[in-house]
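1. model the structure of this input:
(chains A and B)
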Amino acid sequence: MKQQIQGLVQDALEQLAAQGALTLEAFQGELPTPQIERTRDETHGDFATNAAMVLAKRAGMRPRDLAERLVAALPSSPAVARVEVAGPGFINFHLAADAYHAQLAEILISGPDYGRSQLGAGKRVQVEFVSANPTGPLHVGHGRGAAYGAVVADLLTAVGFDVHREYYVNDAGRQMDILCASVWLRYLELCGEDLVFPSNGYKGDYVWDIAASLHREHGDDYRVEAGQVFAGLPPDEIDGEPNGDKEAHIDGLIENAKRLLGDNRYRFVFELGLNTILDDIRQDLAEFGASYQEWYSERTLTESGAVNRAIGRLRECGHVYEQAGALWFRSSAFGDEKDRVLVRDNGQTTYFASDIAYHMDKLERGFERVIDIWGADHHGYVPRVKAALKALGDEAERLDVLLVQFAVLYRGGEKVQMSTRSGEFVTLRQLRKEVGRDAARFFYVMRRCEQHMDFDLDLAKSQSADNPVYYCQYAHARIESVLRQAAERGILVEPSSGTKHLERLETEHELALLKTLSRYPEVVEAAALSHEPHLLTHYLRELANALHTYYNAHQFLVDDGTLRDARIKLILGVRQVLRSGLGLIGVSAPAQM
RNA sequence: GCCCUCGUAGCUCAGCAGGAUAGAGCAACCGCCUCCUAAGCGGUAGGUCGCAGGUUCGAAUCCUGCCGAGGGCACCA
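-> A predicted model of the protein is given here:
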């Protein structure tokens, strides 16, 4: 619809140019695409353009004069009822009701395709999201990234991009070793060994579960005397140990574990921990409606030599130097605040080195656009990754990093403390169990991602009008209910008369609803391109409101056959858009509530 | 200290590639069910858009400074 208006203004501009009223030289040989906006105030019509004001200076005309000439040059269109120049030089378009009737007909014909488009033209886009370390279950912080990433990916798909959803699995590195050691120590405790669990170990119950399965399946096969395990370790950072160092302590434990268990057995425990947790994360995300095309292993990056290749490329470009036994990347030359280590003095490559290799690989895989969705706590990481891509000569602009702020949970008006130690829930699974998937998905994307979010658990759970999820779903359920009753009365629910009788839709409420429906494609497009799912949740609330208002004001199943037919078609259109929109954010559209 | 994000109605938030009187939902107050689910609808009230400058025909929106909130500044991942 918007494009239709845009086309008209474009034609008018071209005509003025042809008449010599606008000289192309002022625009470097090319006329700008006019900006068309929905009006905020309905007395200003349906659409408006500020083209005359924007172009006035270069055209050497006063805005209102240019506007008048543009209006005179506009081709006539049955969709436009009236055009006027207003204010400082706006051109306002009042659409004919028929234009909206035609749009409804299109919705009914297109069905689920209404709102989808080919804007993305099949361009390949990668969306990497969540990518939490597989050292424990996902918590509610990851939940927001999961919901946000899934919706951004689905929105991009809806507007025609070929989207590749990916999870980067940090299956290498120290944190995984700490998990492995934690599992093993718990196992030893189950074997009857007496030990003091390290303060830096993973203490969650899930560690006990993994240890228990190891003990159940393998008895004492992995048992080593606790005295040997803790032999020669630096003291832990616990009460009564003034010189304790929890980092050194756990690193020593890992060393001992590797030595005492030997490669194979260590590997076995390590894999058991990794796979158990990764399976749990996979299942959790699947249940949350976040699907992936690929789970990309950090370990394969090292094993395939990609990390060394990345370092090699940086070295060839001359952006690498050695200092104090470590290998550094001169990231400060590319916008980072300081240089970063690639290879530590102990010979191990850093996480950053893997990440360079990973992003290099992403771009090499030919994605036109690479979107990383990270927690806001990683924002300091953005400049160095971009620096690496710049240094490698890759187009760093192809990478978009979207930062998702944390969500703070509230229950009973009180902030829910998020420490692992407190008894209050922290996992995504617990959140889903408490408020349900629909509410969780909706609430998580209701706010702009860079906005700090207050997540009100009581509201998310409440089955009331205050709850935006129920409010939108209820609109859908109400329509279904009307259709059920129509069927009971023997009224054709799928009208056989095609798009006839739509002209009977003429009340204020019907036109408002039609207008809202016509905005849907624009909302999907804007939400997709700007990565802002909240535009869609806001829209759905508006649409539901328009439906509820209509429902209260008019009876749908009236005796007048053509009117009834038209009204049923209208609510069928609303049902379609509610379904599509809720579907895009991963929320169900129930037939009954 | 430096960097990032945010600061809009009592609360939670939209609006920000500048545009015509600043919007919504809660909460408050007043109304609406003999009628397809009142899990609904309508109305009233409520704001010097953190503060101060600047850019321009026009600034909540762009720029600078300050104040406030959160986060980040590892040879951790």
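2. now chain A against RNA strand B: closest residue?
-> A:Ala465 (1.7 Å; Cβ to the nearest atom of the strand). From N, CA and C alone the C-beta is placed, and that goes for glycine too.
3. next one: that residue, what pLDDT does it get?
-> Model confidence at A:Ala465, expressed as pLDDT, equals 70.
4. for it, which non-adjacent residue is spatially closest?
-> In space, and not counting its chain neighbours, A:Ala465 is closest to A:Tyr471: 5.9 Å by Cβ to Cβ, 6 or more residues apart in numbering.
5. now the element after the host helix or strand of that neighbour, going C-ward?
-> Using DSSP states H and E, A:Tyr471 sits within helix A:468-488. Tracing the chain past helix A:468-488, the next element assigned as helix or strand by DSSP H and E is helix A:508-529.
6. what is that next one packed up against?
-> When contacts are defined as 3 or more Cβ pairs under 8 Å, 6 or more residues apart in numbering; DSSP states H and E, helix A:508-529 packs onto helix A:97-110, helix A:140-158, helix A:534-553, helix A:561-584.
7. tell me which of those sits most buried.
-> Greatest average neighbour count among the helices and strands packed on helix A:508-529 goes to helix A:140-158 (a mean of 25), per mean count of other Cβ atoms under 10 Å.
8. restrict that helix to CA atoms and write it as PDB.
-> Output of helix A:140-158 as PDB, limited to C-alpha atoms (Å, rounded to 0.1, in the frame of the first residue of the first chain):
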ATOM      1  CA  VAL A 140      16.900 -16.600  32.200                       C
ATOM      2  CA  GLY A 141      19.600 -14.200  30.800                       C
ATOM      3  CA  HIS A 142      20.200 -16.600  27.900                       C
ATOM      4  CA  GLY A 143      16.400 -16.800  27.500                       C
ATOM      5  CA  ARG A 144      16.100 -13.200  26.300                       C
ATOM      6  CA  GLY A 145      18.900 -13.800  23.700                       C
ATOM      7  CA  ALA A 146      17.200 -17.000  22.600                       C
ATOM      8  CA  ALA A 147      13.800 -15.400  22.200                       C
ATOM      9  CA  TYR A 148      15.200 -12.300  20.500                       C
ATOM     10  CA  GLY A 149      17.500 -14.300  18.200                       C
ATOM     11  CA  ALA A 150      14.800 -16.700  17.200                       C
ATOM     12  CA  VAL A 151      12.400 -13.900  16.300                       C
ATOM     13  CA  VAL A 152      15.000 -11.800  14.400                       C
ATOM     14  CA  ALA A 153      15.800 -14.900  12.400                       C
ATOM     15  CA  ASP A 154      12.200 -15.700  11.700                       C
ATOM     16  CA  LEU A 155      11.500 -12.100  10.800                       C
ATOM     17  CA  LEU A 156      14.400 -12.100   8.300                       C
ATOM     18  CA  THR A 157      13.100 -15.300   6.800                       C
ATOM     19  CA  ALA A 158       9.600 -13.700   6.500                       C
END
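9. now it, how far from the chain's geometric center?
-> 3 Å (Cα atoms, centre = their mean, to the nearest Å).
10. wait, does it contact RNA strand B?
-> No: counting by Cβ under 7 Å from any atom of the strand, no contacts exist between helix A:140-158 and RNA strand B, the nearest distance being 10.9 Å.
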